[in-house]
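Colleague: after the sequence you'll find the predicted model.
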Amino acid sequence: MGSLRPQRAAGDADSKIIIDGMTAATTPATQGAIAFVFLEIFSCEGGIQSYIKDVLRAYLQQQHPAPADVFLLRDGPIADHPYAQSSLRFHYLATANAALGRVRLGVALAAYLVRRRPSQVICGHVLLLPLVAALCRWLRIPYAVVIYGKEVWDPLPLRQQQALRRANWVWANSRYSRDRACTANQLDPGRVRMVPCAVDGDIYSPGPAAPQLLDAYGLAGRKVLMTVARLWSGDIYKGVDVTLRALPAIAAVVPEVKYLVIGRGDDQPRLEALAEALGVRDRVVFAGFVPTADLAAHYRLADAYVMPSQEGFGIVYLEALACGVPVLSGDRDGSADPLQDGRLGWRVPHRDPEAVAAACVAMLAGHDPRCQGAWLRQETLAAFDFQAMAGQLQRALEG
């Protein structure tokens, strides 16, 4: 790629910058303009991608959003997506060769920063941080870094850690991730801004269970526990195996219980074998992948949402709560925020089947105040609707 280090052109120290031997005129910072730099948004689905989409939606909901460009390392051009007709300008940089993609991103971002001089750059992942930090520091442009969860809970490689510490601001989606990132990477908590997840209450709402889904999954007349999670061997922290181990004890008290698992991945054969060994295979439905557009209808099948996990935040908890479904999470992770420190749900040791079983029995009994669906929805939307997120985002952008 050559050197991306900017150099002042001889004879005009204030008006020229040289990148890769090419001279480009610099301009004053575009008032309020923002650059977002992400790994991907549209090429795969997951919690991070969902959160990024929500950040962009909240950004556009501001009264007068500044001009913004969005750089995407792994996404190719997409003709139709939720922001295609918005004021956001997308730069798609995907290539078959990962190294070439990073070169393309570096060149495109450097040229943009020299030409547009935005007021700040939002780096969407620590993997992009060395490049973004180097360009921003050389051009003296403020930058913020978005952190999500596990990627910053332990000490980062030295280069990333230094770039993180030098960031003007860090955006965190939960108090837990903020605190662990600060401890592990010697960050100043005073430079961390909270930008929590949001949930769309118009999409995720209570309603009757769809008869066709009840029939498809054999859930009619059943008490239904549900989990939405990737079934990857590297993500066993999601706790599906723990819930399976709890299922015999739950069934002893609630004989009509069934467990609906939504998600796909290479760990499914192990989980199916575990259910068989535990004698509960007939109580477990592995539904596979369900598109985002169909998730709300699936939450309405559930009597309780169960995911004893270790999450950076856990947007699925918000989705279930907005549908009026009681929830269970782990007790040492970012789920403290959506569950409001246990006020809205059960938080249990995430690898403890006995604790999971006891909480599930209580949820299915329905006597606890945390089972009141209308109240769960009201309290969740009050704290985590898009209006709330837009306000937090505005404060983060203002520093």
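Modeller: Received, thanks.
Colleague: going forward, measure contacts between C-alpha atoms and count neighbours the same way
Modeller: Will do.
Colleague: centroid-nearest residue for the chain?
Modeller: Most central in the chain under Cα atoms, centre = their mean is residue 48, positioned 3.0 Å from the mean C-alpha point.
Colleague: which element, helix or strand, includes that one?
Modeller: helix 47-60 (DSSP states H and E).
Colleague: so what's the gap between that helix and the chain middle?
Modeller: Offset of helix 47-60 from its chain centre (Cα atoms, centre = their mean, to the nearest Å): 8 Å.
Colleague: swap in stretch 251-265?
Modeller: Counting by Cα atoms, centre = their mean, stretch 251-265 comes out at 26 Å from the chain centroid.
Colleague: averaged pLDDT, that stretch. What do you get?
Modeller: For stretch 251-265, mean pLDDT is 97.
Colleague: now do that stretch: everything it contacts.
Modeller: 219, 221-233, 240, 250, 283-290, 361, 364 (Cα atoms under 8 Å, 6 or more residues apart in numbering).
Colleague: in helices only, show me those.
Modeller: 240, 250, 361, 364 (DSSP state H).
Colleague: closest to residue 212 among those residues?
Modeller: The shortest approach to residue 212 among these belongs to residue 364, at 22.8 Å (Cα to Cα).
Colleague: isn't residue 77 up against residue 95?
Modeller: No. Counting by Cα atoms under 8 Å, residue 77 does not reach residue 95; the two are 11.0 Å apart.
Colleague: of those two, who's got more company?
Modeller: Higher neighbour count among residue 77 and residue 95: residue 95, with 15 against 12, using other Cα atoms under 10 Å.
Colleague: spatially nearest residue to that one (excluding sequence neighbours)?
Modeller: In this structure, residue 95 finds its nearest non-sequential neighbour in residue 101, 5.2 Å apart by Cα to Cα, 6 or more residues apart in numbering.
Colleague: so is that neighbour in a helix, a strand, or just coil?
Modeller: Three-state assignment for residue 101 (DSSP: H, G, I helix; E, B strand; the rest coil): helix.
Colleague: what pLDDT does it get?
Modeller: Residue 101 is given a pLDDT of 94.
Colleague: and it, how many neighbours does it have?
Modeller: Neighbour tally, residue 101, other Cα under 10 Å: 17.
Colleague: residue 93 is in contact with that one, correct?
Modeller: Yes. Here residue 101 reaches residue 93: they are 6.2 Å apart, a contact under Cα under 8 Å.
Colleague: which residues are in contact with both of those two?
Modeller: 73-74.
Colleague: list the residues that contact the residue lying closest to residue 266 once chain neighbours are set aside.
Modeller: Spatial nearest neighbour of residue 266, chain neighbours left out: residue 232 (5.2 Å); criterion: Cα to Cα, 6+ apart. Taking Cα under 8 Å, 6+ apart, we find residue 232 in contact with 264-268.
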